[in-house]
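S.K.: just a sequence and a predicted model for now, questions to come.
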Amino acid sequence: MTIVDQELVQKTRVELAAVFRIAAKLGWHESVANHFSAAVSDDGHQFLMNPRWRHFELIRASELLLLDAHDSTVMDGPNPPDPSAWCIHGTIHAELPSARVLLHVHSDYATALAGLADPTIRPIDQNTARYHDRVAYDLNFGGIADEAEEAKRLADVMADKPVLLMGNHGVTVAASTIAEAFEDLYYFERACKTMILAYSTNQPLNIVSDDVANKVSTGWGAFSGMGPAHLDQQMELLDRDDPTYRD
């Protein structure tokens with residue numbers, strides 16, 4: 001396994017470890033499950049991922065596993081990753097090299113929405129409209145994904161969409177950078193919360209037109225700098241309280 005830029009690898013380790021800690025602070029973690037990964041090679045096939053059964057709030061940069069999506073011996077090694085995580089993340093990194101960062105969680109509101117017969121995000125405010133035509137929906141849950149065929153199916157469903165809402169399961173966000181992926185997951189969970197709260201009123205939704213939704217979704221592009229700023233300041237808070245994620 002050859003990595004071109006070791007400085008990039010270390011920077012990626014630190015940022016990804018930070019996002020695990022931040023996700024725990026935000027309540028997105030679930031026991032010692034769920035997984036984040038980030039590519040470190042130009043082709044996207046070599047990536048970092050959290051070790052098996054390690055709590056998000058304890059993860060350190062040095063603990064992240066360096067894996068190769070095309071290495072068929074990964075699960076035979078002395079410290080193999082979670083089988084389902086390896087199956088899904090390894091396959092998506094192999095099939096979709098542009099998805100350099102993958103964040104998968106069973107966060108409360110995204111998972112609640114994923115349990116509905118129709119989990120579609122409706123554009124009823126600017127956060128929900130952010131995801132207009134940006135979400136792939138998988139409504140064919142077949143159990144824990146630990147087979148290559150199921151992981152390949154998920155990659156095909158996701159295709160070029162940055163968000164995959166996995167019916168009866170959770171959510172996976174893909175992006176070219178860690179900051180971008182974190183920001184999309186942050187706003188997606190807020191959008192799902194808005195949907196669940198709106199549905200809970202049992203009142204009709206006030207859905208904006210496709211034209212307005214497209215305008216809002218496109219308009220979010222002007223705020224692309226928010227993601228890096230948000231992550232930087234979240235890391236500043238971590239450094240103030242517990243900088244061990246950098247170790």
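M.R.: Yep, that arrived.
S.K.: report the central residue of this structure.
M.R.: Nearest to the mean C-alpha position of the chain, by Cα atoms, centre = their mean, lies Leu103 at 2.0 Å.
S.K.: so that one sits in a helix?
M.R.: No: under the criterion used here (DSSP: H, G, I helix; E, B strand; the rest coil), Leu103 is strand, not part of a helix.
S.K.: and it, what pLDDT?
M.R.: pLDDT recorded at Leu103 is 98.
S.K.: so what's it bridging to?
M.R.: Per DSSP bridges, residues listed as beta-bridge partners of Leu103: Phe36, Val173.
S.K.: my guess is it contacts Phe36, does it?
M.R.: Yes: between Leu103 and Phe36 a contact is recorded at 4.9 Å, counting by Cβ atoms under 8 Å. Every residue, glycine included, has its C-beta placed from N, CA and C.
S.K.: all strands of the chain, in order?
M.R.: 35-39, 46-49, 65-68, 101-105, 135-138, 163-166, 170-175 (DSSP state E).
S.K.: ok, now which ones touch the residue located most distally from the centre of the chain?
M.R.: The C-alpha centroid of the chain is most remote from Gln203, which lies 31.2 Å away (Cα atoms, centre = their mean). Contact analysis of Gln203 by Cβ atoms under 8 Å, 6 or more residues apart in numbering lists nothing.
S.K.: on the pLDDT front, check it for me.
M.R.: The model's pLDDT for Gln203 equals 98.
S.K.: does Glu63 touch Arg54 like I think?
M.R.: Yes: assessed by Cβ under 8 Å, Glu63 is found in contact with Arg54 at 6.6 Å.
S.K.: how far out from the middle of the chain is stretch 180-198?
M.R.: Here stretch 180-198 is found 12 Å from its chain centre; the criterion is Cα atoms, centre = their mean, to the nearest Å.
S.K.: which residues sit against that stretch?
M.R.: Counting by Cβ under 8 Å, 6+ apart, 19, 22, 26, 28, 101-103, 105, 107-110, 112-113, 121-122, 124-125, 127-128, 130-131, 162-163, 171, 173-175, 205, 224, 226-227, 230-231 sit against stretch 180-198.
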